[in-house]
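J.: missing the sequence, but the structure's below:
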């Protein structure tokens, strides 16, 4: 039983820390760690699992082992579901090697300046990912956008950032509208919460 407790705890810590590292850009995105459902679940789950595991190990309590398993399975299942809803995959993956960028653009809104760009990772490959990278208040955040439905979706190199992406402010200080430019060869728009990382598709090309 104690071997099971140690194994489950170490496996959970490894998965949770790896997930936090990948999704927060090497723990640099503090807003993700403290303001997203995925980040909060993993950050809270790590000490909770450790405490229960230590007590269960010392007291050799089978009920606490069940509590530990519930924490591990429940939190990982919740995180996987949230990640799938946001990014279309159940698990985070390592960043792709080849990255092309729109170049930085700026937007003055709500008394501050937002610097942003679009990054295409492994464009044209089956593992392609597209990210909105936003910097404000000295902090940078990377948010995945579901731009290309197929790996073969095309684009033309941008002359200006607006050829690929345009960020527009809304009445809410954390919520912005994102629209694709003509050189991406796909017409889409999204509502993006820069604090939580939540992305809502508003319009999509047929």
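T.: Happy to help now that I have it. Computed from a predicted model, the values in this text were never measured in an experiment. Numbers count the residues shown, from 1 in each chain.
J.: Neighbours of residue 118, how many?
T.: Counted with other Cβ atoms under 10 Å, the burial measure for residue 118 works out to 27 neighbours. Every C-beta, even on glycine, is put in place using the N, C-alpha and C of the backbone.
J.: residue contacts, it?
T.: Residues touching residue 118, when contacts are defined by Cβ atoms under 8 Å, 6 or more residues apart in numbering, comprise 101-102, 130-133, 145, 161, 164-165.
J.: run the last query once more with 6 Å
T.: With contact taken as Cβ atoms under 6 Å, 6 or more residues apart in numbering, residue 118 is in contact with 102, 164-165.
J.: quick one: it is in a strand?
T.: Yes: residue assignment for residue 118, taken from DSSP: H, G, I helix; E, B strand; the rest coil, places it within a strand.
J.: how far away is it from residue 168?
T.: 14 Å (Cβ to Cβ, to the nearest Å).
J.: Which residue ranges of the protein form helices?
T.: Counting by DSSP state H, one finds helices in the chain at the ranges 2-23, 30-35, 37-59, 62-87.
J.: any chance of those in a markdown table, plus mean neighbour count, mean pLDDT and distance to residue 191?
T.: Converted to a markdown table, the helices of the chain look like this (neighbours: other Cβ atoms under 10 Å; pLDDT from 0 to 100; distance: least, Cβ to Cβ, whole Å):
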| stretch | mean neighbour count | mean pLDDT | distance to residue 191 |
| --- | --- | --- | --- |
| helix 2-23 | 15 | 89 | 20 |
| helix 30-35 | 17 | 66 | 17 |
| helix 37-59 | 17 | 91 | 17 |
| helix 62-87 | 16 | 87 | 13 |
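J.: Distance to residue 192 added to those helices, as a markdown table?
T.: As requested, these are arranged in a markdown table below (distance: least, Cβ to Cβ, whole Å):
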| stretch | distance to residue 192 |
| --- | --- |
| helix 2-23 | 16 |
| helix 30-35 | 13 |
| helix 37-59 | 16 |
| helix 62-87 | 11 |
